[in-house]
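Novice: Provided below for reference: sequence and predicted model.
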Amino acid sequence: FVTAGGSLLHGDISGVFSDPIVQAGPLTLGLFGGLDVLVRAAGLQAVLPFLAMSLVASFCMTAAVRWCTRKASDTWAGAGLVAALVLGVAWGAFTGTWAHPTHAVVPLLWTIAVVQLQGHRAAAAGAVLGLAIAFDTWAVVGLCAIVLLLPDIRAAGRALAVAAGVSLVAWLPFFLAGPVRSG
């Protein structure tokens, strides 16, 4: 992610998705490219990525729980954040890998989109799903929620149009710049 993110940050759009091993969206690559710049500037190459991924995982877990439950007390929310952070650090330490960071972010965005869909906010749900697709292509699976949760064809069409528009804004520059070989 770092090499492709560096290409993105340096304006080499045609080089971002030229390697088929890059399997993440432009937002993910930009974030990792930026994180790499910060890590190198601070001289913390070995420490900061683990902390960053732990924070991503713990934030996503805590946010998902907050979205799915009624108002939690600040004490329980804080305890949940600490527990999620410990689990995130333990997962990385025990497995030796973080996999894709979007494995935490995309489901969180799906959860937020479903809440928007349940509130009949089709455009907001479409925007959130489009943002998820900008993080990683497999997030497109979340579009099924639109079909299941919006029985009104016009609302579903509006949500799909917004999701497609947001996705297009994120991905179109790369398709125009050159072949996208990412999987």
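Specialist: Arrived safely. Numbering: from 1, shown residues only.

Novice: Settle this for me: A156 is touching A122, isn't it.
Specialist: Yes - counting by C-beta atoms under 8 Å, A156 touches A122, with 7.1 Å between them. Using the backbone N, CA and C atoms, a C-beta is placed for each residue, glycine as well.

Novice: what sits in contact with each of these two?
Specialist: 146, 150 (C-beta atoms under 8 Å, 6 or more residues apart in numbering).

Novice: ok, these two, which is more surrounded?
Specialist: A122 (24 against 20; other C-beta atoms under 10 Å).

Novice: residues touching that one, list them.
Specialist: 116, 146, 150, 155-156, 158-159, 162.

Novice: Now V106: which helix or strand?
Specialist: Taking DSSP states H and E as the criterion, V106 maps to helix 102-118.

Novice: Report the buried residues of the longest helix seen in the chain.
Specialist: Ranked by residue count, the top helix of the chain under DSSP state H comes out as helix 153-177. The neighbour-count criterion (16 or more other C-beta atoms under 10 Å) identifies 155-156, 158-160, 162-163, 166-167, 170-171, 174 as the buried residues of helix 153-177.

Novice: Low-confidence ranges, the protein, go.
Specialist: Counting by pLDDT under 70, the chain has low-confidence residues at 44-101, 181-183.

Novice: Can you show me the helices along the protein?
Specialist: 2-9, 13-16, 26-42, 48-68, 74-95, 102-118, 122-135, 144-149, 153-177.

Novice: on that earlier part again, turn the contacts of A122 into a markdown table, columns for distance to A4.
Specialist: What follows is these, written out as a markdown table (distance: C-beta to C-beta, whole Å):
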| residue | distance to A4 |
| --- | --- |
| Q116 | 30 |
| I146 | 30 |
| L150 | 35 |
| A155 | 36 |
| A156 | 34 |
| R158 | 33 |
| A159 | 30 |
| V162 | 27 |
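
Novice: Among those residues, which pair sits farthest apart?
Specialist: Q116 and A156 (13.0 Å; C-beta to C-beta).

Novice: thinking again about what came up before, nearest to L31, of the buried residues of helix 153-177?
Specialist: Looking across the buried residues of helix 153-177 and measuring by C-beta to C-beta, the closest to L31 is A170, at 12.8 Å.

Novice: And for that closest one, nearest residue in space, chain neighbours not counted?
Specialist: For A170, ignoring the flanking residues on the chain, the nearest one in space by C-beta to C-beta, 6 or more residues apart in numbering is A134 at 3.5 Å.

Novice: neighbours around the one you found, how many?
Specialist: Neighbours around A134, by other C-beta under 10 Å: 21.

Novice: can you pull the contacts of it?
Specialist: With C-beta under 8 Å, 6+ apart, A134 has these contacts: 25-27, 166-167, 169-171.

Novice: Format the residues you listed as JSON lines; extra columns: distance to L35.
Specialist: Formatted as JSON lines, the contacts of A134 follow (distance: C-beta to C-beta, whole Å):
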{"residue": "G25", "distance to L35": "15"}
{"residue": "P26", "distance to L35": "15"}
{"residue": "L27", "distance to L35": "12"}
{"residue": "V166", "distance to L35": "23"}
{"residue": "S167", "distance to L35": "23"}
{"residue": "V169", "distance to L35": "23"}
{"residue": "A170", "distance to L35": "19"}
{"residue": "W171", "distance to L35": "21"}
